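kindly generate the corresponding structure for this input.
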Amino acid sequence: MIFVLFRSAGTTHNQGTGIILIALALTEPPYLQNMITDIKSEVGQRRLEHAVDGLGIIETGLSSRSKTCKRSGTASGKSCRSADSKSLGTDDSTKVGRVILKKCEAKELRLAHRLRRISNCPDNAATRITRGGARKTLLYPMKVDIPAGCITAILGTSESGKSTLLKFMAGCADTNLDCDGVVNLHGPSSYLPQDTNLHRFYTPRTYVKHYDRLLSSSFSGKAVSPSHPRFMSDKDIEGLLDSLRISHDRRDTVVGDAFRRGLTLGEKRRLELGLSVLSVPDTLFCENPFEGLDSETSLHIMEFLKGYSSNSSRRVIVTLNRPSNFIWNLIDNVILLSRGRVVFEGARFDMEGFFAHHGMSTPKRFSPIEHYLAVVNNFRRPTTAVNWEANFKEWQEEFNEDDGDEFGLDLETCFPSAIPEVNIPQRLVQGAFGGEKFACSKVACCAHNQQFRQLARRYLLQMLLNPGILQIRLAMYTLLSLFLGALFFNLEKDFEDNQSIDSHASLLFYSSSFYIFMVCATIPFLAIDLQIRNKEVLNGFYHPSIHHLAVSLSTIPASLFLSLVISVIQVNMVGLQNGLQFFLILTLALWCADALVILVSLCAPHFVIGIVVYAGICGLFMALEGFMLVPSKFPTWLRWTYPVPFHTYVFRSLMFNEFDGDTFGNEVLHMYEIEDTSVSHDMVVLLCYGLVSGWFTIVMKLSYELLFHSFSLRVYE
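Below you'll find the model as predicted:
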């Protein structure tokens, strides 16, 4: 293979100076053509437009006097994003996007402040919060351009503001940030978080098929043309996995968890990246996608991103710490941050000219990015970032001749990149939740129904295939039931004997308390599922209420099955009365426990805290259910708490089911002050308890997003 270098003669401001690498390959002409096309597209993005004419804007955090895009469920003045290019006032997706940030401050998060904002309280309420909460400026005012058809890298050291700026662009800023600015990026977007969040039981093939059907649930009817298929074909799926460089022998391997070994971290990361682009977003946000990966895997991911961004209407925005030279050579546009300030923004080819203009040229054969980061982050001089920000603004006003990127060309000569071709079929509707609006309510209901079925099927598969959700609970409940059956085997029904009464009451108390308490074993897996749900909702896959409804109803079969196992063992070994009624009461008890666990997992910031909170609630409910102390013995000011726990209705229904119909049994019920219990009434109360808990969880989810994550959700207008 022969490589020949040519330098163009144009040196004017409009033309710039270009370097074109022409490779004369005698044996691999297709590879040569792809390589030249990639280099030409790179050179074509060397100069950025400095003005964006005719573009609409997305306003974030502006005052009420400004023109603000509103959406249902969102407070006035908060961020708005729209996936419809027509609403932005432009149909040209190849124009340069622009992000203008006026301020970004971290403040003390206070629920009262959010509630006052929702209730339109006077402005002095916000003033009080400002005085009481410490503020820290994370990002200073800036204006950056995001060109289409290329990769834009946000670079900087730790705590320079990379992730904060990326999340502001993506519309998912952290809860304690007060941001004000304008984000103007065409079309729908997708966000890939730093942490890998995947369901552990899927394989790469089945995961892509599941996401494809979840996205396709927006359709009503069949595809209208072969160019817009409803589902991806097997050939399309294999092509996507090929571009992700997931080997054929690993495509039927489960993702894996603590119980089963599966895909490697690099394979998981590439799979999650492939799932993020299934909706074909025009803007793809990636937060540090190379964290914890080796250099080869990182290069494979970067080459996939390069292939995806080769379309002139797509943008890829990534945050990077210290990319390797090979990854650096694939970057088109750079935003360099230092302590929250933009010290460079523009084409990668222009960086060397900027630093050379200020006497900081990269030493020969030295890594450019290492040099740039070291220059703008001199921690011995606290004002370094401020000085370089001023230097960049001054340099922007002057013309600087582009000296090219000879270091990158040398790397490309020795190790040419292998950019994959990323082809994903376009769908009729871009996303089920963040894309185009449904034409009518009938179509929307059909889409919601299909989304519900897909999510319910996924959670049922998760219960069956994830050992931590159902299998471990089944083993634990079975062993405990066998142990209790052996311990209380053929328990005497002599209710004249106080010992027999205490034994029956203790067994029923254990059944109404400990089995409910052990539902907390699902909280860690619900926490993982919640993280995946947040990512999918942010990327516009479905509405969060649909996910909760699917999860809540999918827990019913598990409750039925576990209750059946417990009832069959204990009723037959111990000899309890009315086994069918015992089974129904226990089923409702476990379903209420599942609903409470889902609610706790939503509110708890970490699954460990969720377990502690749920254990505390169960401990409190166990003390109030009437076994340790009858209601009449409660302190007067605490008697209102007796009907609050659902444990109360479970315990007294089980007791009434066991002791009713016997003379001495009625005396036992009178002793526990539950002789007037109606089992059917209590079962209805348990059913309503579970329904109210589920409804309250939906309200909490929507309110939580409204109060704290107003950047995150895209809801129907």
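
nearest the middle, which residue of this structure would you pick?
residue 535 (2.1 Å; CA atoms, centre = their mean).

my guess is that residue meets residue 195, correct?
No - counting by CB atoms under 8 Å, residue 535 sits too far from residue 195 to count as a contact (9.5 Å). Just so you know, the C-beta spots here come from the backbone N, C-alpha and C atoms, and that holds for glycine as well.

what helix or strand does residue 590 sit in?
Here residue 590 sits within helix 579-603, counting by DSSP states H and E.

can you check residue 213 too?
Residue 213 belongs to helix 204-216 when assigned by DSSP H and E.

which residues does that helix contact?
198-199, 202, 230-232, 237, 240-241, 246, 250-253, 255, 263, 267, 271, 274-275, 278-279, 427, 431-432, 451, 454-455, 458, 536, 541-542 (CB atoms under 8 Å, 6 or more residues apart in numbering).

alpha carbons of it, as CSV, please.
Provided in CSV are the C-alpha atoms of helix 204-216 (Å, rounded to 0.1, in the frame of the first residue of the first chain):
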residue,chain,number,x,y,z
PRO,A,204,-27.8,-9.2,22.6
ARG,A,205,-30.2,-10.6,20.0
THR,A,206,-33.3,-10.8,22.2
TYR,A,207,-32.5,-7.4,23.7
VAL,A,208,-32.4,-5.7,20.3
LYS,A,209,-35.7,-7.5,19.4
HIS,A,210,-37.3,-6.3,22.6
TYR,A,211,-36.3,-2.7,22.1
ASP,A,212,-37.3,-2.8,18.5
ARG,A,213,-40.8,-4.0,19.4
LEU,A,214,-41.0,-1.5,22.3
LEU,A,215,-40.2,1.3,19.9
SER,A,216,-42.5,-0.1,17.2
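
next one: that helix to chain centre, how far?
17 Å (CA atoms, centre = their mean, to the nearest Å).

now the helix or strand that that helix is followed by and helix 204-216, what's the angle there?
Scanning forward in sequence from helix 204-216 by DSSP H and E, the next helix or strand is helix 234-243. If you take axes from the mean of the first three to the mean of the last three CA atoms, to 10 degrees, helix 234-243 sits at 120 degrees to helix 204-216.

poorly predicted segments of the protein, please.
For the chain, residues meeting the criterion pLDDT under 70 lie at 1-95, 103, 107-134, 218-229, 379-383, 397, 399-417, 426-445, 493-497, 701-717.

quick check: longest strand of it.
In the chain, with assignment by DSSP state E, the single longest strand is strand 97-106.

parallel or antiparallel, which strands does that one pair with?
strand 136-139 (antiparallel), strand 142-146 (antiparallel), strand 177-184 (antiparallel) (DSSP bridges).

can you list the ones you listed in CSV and add mean neighbour count?
Listed next are the strands paired with strand 97-106 as CSV, based on neighbours: other CB atoms under 10 Å:
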stretch, mean neighbour count
strand 136-139, 18
strand 142-146, 19
strand 177-184, 20
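
any idea which of those gets closest to residue 171?
Smallest distance to residue 171 across the strands paired with strand 97-106 (CB to CB): 7.2 Å, for strand 177-184.

so where do the strands sit in the chain?
Going by DSSP E, the chain shows strands at 2-7, 19-24, 58-60, 97-106, 136-139, 142-146, 150-155, 177-184, 189-192, 283-286, 315-320, 333-338, 341-347.

touching, residue 484 and residue 566? I think so.
No - counting by CB under 8 Å, residue 484 sits too far from residue 566 to count as a contact (9.2 Å).

ok, now which ones touch the residue nearest to the centre of the chain?
Neighbours of residue 535 in contact, by CB under 8 Å, 6+ apart: 191, 193, 197.

ditto for residue 660
Contacts of residue 660 by CB under 8 Å, 6+ apart are 666, 669.

the closest residue to residue 694 other than its chain neighbours: neighbour count?
Leaving aside its sequence neighbours, residue 694 sits nearest to residue 552 (CB to CB, 6 or more residues apart in numbering; 4.7 Å). When neighbours are counted by other CB atoms under 10 Å, residue 552 registers 22.

over to residue 360?
As a burial measure, residue 360 scores 16 neighbours (other CB under 10 Å).

please name the nearest non-neighbouring residue to it.
Nearest non-adjacent residue to residue 360, counting by CB to CB, 6+ apart: residue 375, 5.1 Å away.

so that neighbour sits right up against residue 355, yeah?
Yes - counting by CB under 8 Å, residue 375 does reach residue 355; the two are 6.6 Å apart.

between those two, who's got more neighbours?
Just comparing residue 375 and residue 355: by other CB under 10 Å the higher neighbour count belongs to residue 355, 22 against 17.

contacts only, for that one.
361-362, 371-372, 375.

of those residues, which is the most crowded?
Of all these, residue 372 has the most neighbours under the rule other CB under 10 Å, reaching 24 neighbours.

distance check, that one against residue 662.
Distance from residue 372 to residue 662, counting by CB to CB, to the nearest Å: 86 Å.

one more: residue 681?
Residue 681 sits 21 Å away from residue 662, going by CB to CB.

so for these two, which sits in the more crowded spot?
Neighbours of residue 681 and residue 662, each counted by other CB under 10 Å, are more numerous for residue 662; the result is 15 against 11.

distance-wise, check the more buried one relative to residue 669.
Distance of residue 662 to residue 669, computed by CB to CB: 10 Å.

likewise for residue 147?
For residue 147, the distance to residue 669 (CB to CB) stands at 77 Å.

so between these two, which is more surrounded?
More crowded of residue 147 and residue 669, by other CB under 10 Å: residue 147, with 22 against 19.

skipping adjacent residues, who's closest to the more buried one in space?
residue 96 is the one closest to residue 147 (CB to CB, 6+ apart), at 5.0 Å.

so that neighbour sits against residue 145, correct?
Yes - Residue 96 is within contact range of residue 145, at 4.9 Å (criterion: CB under 8 Å).

you'd agree residue 537 is up against residue 543?
Yes - using CB under 8 Å, residue 537 is in contact with residue 543, at 7.4 Å.

near residue 551, how many other residues are there?
Using other CB under 10 Å, residue 551 has 22 neighbouring residues.

got the contact list for the nearest residue to it once chain neighbours are set aside?
Nearest residue to residue 551, sequence neighbours excluded (CB to CB, 6+ apart): residue 459, at 5.3 Å. Going by CB under 8 Å, 6+ apart, residue 459 touches 529, 550-551, 554.

what's the distance between residue 459 and residue 556?
Where residue 556 is concerned, residue 459 sits at a distance of 11 Å (CB to CB).

got it, and residue 369?
From residue 369 to residue 556 the distance is 54 Å (CB to CB).

cool, residue 565 as well?
Using CB to CB, residue 565 is found at 15 Å from residue 556.

my guess is residue 193 meets residue 289, correct?
No - the pair residue 193 / residue 289 is not scored as a contact, 9.7 Å apart, by CB under 8 Å.

between these two, who's got more neighbours?
Using other CB under 10 Å as the criterion, residue 193 and residue 289 rank with residue 289 on top: 24 against 21.

the closest residue to the more buried one other than its chain neighbours: neighbour count?
Distance criterion CB to CB, 6+ apart; nearest residue to residue 289, sequence neighbours excluded, is residue 301 at 5.6 Å. Number of residues near residue 301 (other CB under 10 Å) recorded here: 21.

quick one: contacts for residue 301?
269-270, 273, 289-290, 293.

and for residue 203?
Residue 203 neighbours (CB under 8 Å, 6+ apart): 251-255.

which among those end up buried?
251, 253-255 (16 or more other CB atoms under 10 Å).

could you measure residue 449 against residue 230, distance?
16 Å.

looking at the two, which is more packed in?
Neighbour count, other CB under 10 Å: between residue 449 and residue 230, residue 230 has more, with 18 against 12.

with that, I have no additional questions.
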